[in-house]
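Participant: sequence first, then the predicted structure:
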Amino acid sequence: MKTKKWLSTLLAASLMVLLLAACGKGNGEGASSASPSPSGSGSAAPATQSAAPADLSGNLVVWTYFDQVKILAEQFMSKHPNVKVDVQVFPGDQYQTKLMTALQSGKNAPDIMDLDHGYIGKFLESPYLADLSAMGGEDLVKTYVPYVTAYGRSADGKLRAISDNSSPGGFWYVKETAKKYLGTDDPDQISAMVDSWDKVIELGKKVAQDSGGKVHLIQGASGLFDIEAFNTETWVKDGKLNIDPKWQETYATQLKIRSEGVDAKLGFMSSGWGSALNDGSVVLTSMPSWATFMIDNKDGKAKGKYGIAKTPEGWYNGGRWEAVYEKSPNKELAYEFLKFVASPEWQKYNLEKTGNMPGNAAVFDELQDTFKGEMYGDQLILKGFAEQMKNMPAREPNKYDDEILSKWVKVASQGIDNNTPYDDVVAAFKKEVKNTYPELKVE
């Protein structure tokens with residue numbers, strides 16, 4: 001994982017996931033370190049079988065906002081010693097603009113680009129991304145988590161980006177705190193205790209009473225925005241603003257959570273949110289799998305400290321997809337890189353090394369009965385997330401949803417703070433959408 005706008009701010013602020021990198025170099029048109037593809041041509045003939053490692057040679061430039069991509073590049077180069085991958089990392093708040101400028105001008109553009117969940121829709125419909133379906137990409141994702149594949153497709157159904165990760169969310173908890181206030185630290189038992197929002201509210205009232213108001217069950221009513229974001233209909237249908245009726249039900253739940261003292265009123269990824277996650281002053285923290293950098297594990301102090309329970313509904317937050325530049329002179333070599341991205345070999349390594357959950361469902365199936373993370377003791381983390389990820393609605397992104405969601409989060413959050421009637425919140429929301437997107441019909 002939040003509004004989704006928090007992601008670029010978070011990535012820019014966190015030294016653990018971002019590294020400021022120098023700007024791209026080179027003066028030629030196309031990729032800055034372009035070299036001939038293995039076949040001697042920039043064309044991208046369909047290919048599903050990887051070439052022998054020694055037969056691949058050349059240079060690739062990868063642009064990203066995520067420093068851990070360097071680990072991916074190192075592993076690829078270790079398998080393909082005659083290929084050099086130059087990973088260039090840019091601040092998250094500058095990356096999107098810099099990338100679009102390079103693609104539009106064709107000057108110093110990368111061979112491979114990372115696209116964030118929050119804005120991938122803007123790029124998928126552009127002419128700058130190669131058609132991976134025509135290159136054999138459908139074979140790469142045939143065992144993938146459905147939503148991960150869908151989010152890399154353009155409106156015409158063609159695959160244009162592939163991710164090596166999924167981003168499942170759950171209720172994280174400090175085991176010691178859970179035992180004290182819930183009577184158990186068993187993830188299955190806790191999941192059953194909070195498998196509906198009505199149960200969350202009743203349990204939250206009890207925790208507040210037992211702690212004298214010093215401890216809260218959940219960090220914030222705002223957590224429901226992320227949980228419901230992909231359990232609701234898309235915000236735009238046939239050129240019209242579409243407000244799923246479920247948002248009214250969700251808003252009513254959020255108001256009740258606030259009025260009953262169930263939440264600690266902490267903003268997603270705020271400093272207080274991180275503090276509560278570490279000290280246990282909030283019992284359950286809704287958090288995506290990749291946000292473990294918020295946990296203080298210096299000198300292994302978080303070893304075996306945490307458990308993860310299921311939220312009332314399955315959800316995910318964020319994600320990073322990789323695409324090939326359509327005009328890259330190294331398209332075939334770049335496609336070989338994406339083959340590695342999609343491979344169980346890499347995704348198993350990535351899981352062990354960084355804790356990032358796989359995008360390939362086959363990896364969930366293979367490891368769900370054995371994988372245990374250092375922070376979770378004996379809990380089988382993949383087993384808890386596997387069914388949730390496979391059942392998430394698979395829908396293609398668009399250029400509106402993420403930004404319109406951020407407007408709903410802004411207006412509805414103010415409404416929760418002020419106990420504003422739902423109809424008034426909707427009226428304010430519609431006004432913001434209409435002002436920002438005059439091309440949409442807002443009724």
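Facilitator: Received the coordinates, thanks. Numbers count the residues shown, from 1 in each chain.

Participant: when you work out contacts or count neighbours from here on, use the C-alpha atoms and nothing else.
Facilitator: Will do.

Participant: identify the residues contacting residue 371.
Facilitator: Contact analysis of residue 371 by Cα atoms under 8 Å, 6 or more residues apart in numbering lists 380, 381, 382.

Participant: quick check: the gap between the nearest residue to residue 196 once chain neighbours are set aside and residue 200.
Facilitator: Distance criterion Cα to Cα, 6 or more residues apart in numbering; nearest residue to residue 196, sequence neighbours excluded, is residue 312 at 4.9 Å. Residue 312 sits 9 Å away from residue 200, going by Cα to Cα, to the nearest Å.

Participant: so what's in contact with those two at the same time?
Facilitator: residue 194.

Participant: one step back: turn the contacts of residue 371 into TSV, including distance to residue 233 and neighbour count.
Facilitator: Shown next, in TSV, are those (distance: Cα to Cα, whole Å; neighbours: other Cα atoms under 10 Å):
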residue	distance to residue 233	neighbour count
380	32	19
381	29	24
382	27	23
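
Participant: looking at those, which are in helices?
Facilitator: 381, 382 (DSSP state H).

Participant: between the contacts of residue 371, which is nearest residue 235?
Facilitator: Among the contacts of residue 371, residue 382 lies closest to residue 235 (Cα to Cα), at 30.9 Å.

Participant: where's that closest one relative to residue 388, distance?
Facilitator: Taking Cα to Cα, one finds residue 382 at 10 Å from residue 388.

Participant: and which of the contacts of residue 371 is nearest to residue 88?
Facilitator: Using Cα to Cα, the contacts of residue 371 come closest to residue 88 at residue 382, 31.1 Å.

Participant: what is the burial count for the nearest residue to the closest one once chain neighbours are set aside?
Facilitator: Once flanking residues are discounted, residue 382 sits nearest to residue 368: 4.7 Å by Cα to Cα, 6+ apart. As a burial measure, residue 368 scores 17 neighbours (other Cα atoms under 10 Å).

Participant: wait, residue 368 sits on residue 362?
Facilitator: No: the pair residue 368 and residue 362 fails to qualify as a contact (Cα atoms under 8 Å) at a distance of 9.9 Å.

Participant: just to check, residue 147 is in contact with residue 361?
Facilitator: No: applying Cα under 8 Å, one finds residue 147 not in contact with residue 361, separated by 10.8 Å.

Participant: neighbour count: these two, which is higher?
Facilitator: Between residue 147 and residue 361, counted using other Cα under 10 Å, the more crowded position is residue 361 (23 against 20).

Participant: OK, contacts around the more buried one?
Facilitator: With Cα under 8 Å, 6+ apart, residue 361 has these contacts: 143, 144, 145, 386, 390.

Participant: tell me how far the first one lies from residue 137.
Facilitator: Yep, that's residue 143 we're talking about. As judged by Cα to Cα, residue 143 and residue 137 stand 12 Å apart.

Participant: check residue 104 too.
Facilitator: 25 Å.

Participant: repeat for residue 309
Facilitator: Taken as Cα to Cα, the span from residue 309 to residue 137 is 35 Å.

Participant: neighbour count winner among those two?
Facilitator: Shown here are residue 309 and residue 137; by other Cα under 10 Å, residue 309 has more neighbours (27 against 23).

Participant: hmm, that one is touching residue 169, no?
Facilitator: No: applying Cα under 8 Å, one finds residue 309 not in contact with residue 169, separated by 9.4 Å.

Participant: which residues are in contact with the nearest residue in space to residue 234 that is not next to it in sequence?
Facilitator: Excluding the flanking residues, the one nearest residue 234 by Cα to Cα, 6+ apart is residue 401, at 6.5 Å. Going by Cα under 8 Å, 6+ apart, residue 401 touches 234, 235, 236.

Participant: give the contact list for the last one.
Facilitator: Residues in contact with residue 236 (Cα under 8 Å, 6+ apart) are 242, 400, 401.

Participant: could you pull out the helices for the stretch 51-200 of the chain?
Facilitator: For the stretch 51-200 of the chain, the helices defined by DSSP state H, counting those that start in this stretch occupy 69-79, 92-105, 120-124, 137-140, 146-150, 175-182, 187-193, 197-210.

Participant: buried residues in the fourth one?
Facilitator: Taking 16 or more other Cα atoms under 10 Å as the basis for neighbour counts, the residues of helix 137-140 that come out buried are 137, 140.

Participant: against which helices or strands is it packed?
Facilitator: Packing partners of helix 137-140 (3 or more Cα pairs under 8 Å, 6 or more residues apart in numbering; DSSP states H and E): none among the helices and strands.

Participant: mind listing residues that contact that helix?
Facilitator: 48, 132, 159, 339, 342, 343.

Participant: what's the spacing between that helix and its chain's center?
Facilitator: Per Cα atoms, centre = their mean, to the nearest Å, the displacement of helix 137-140 from the mean C-alpha position of its chain is 21 Å.

Participant: right, I'll leave it there.
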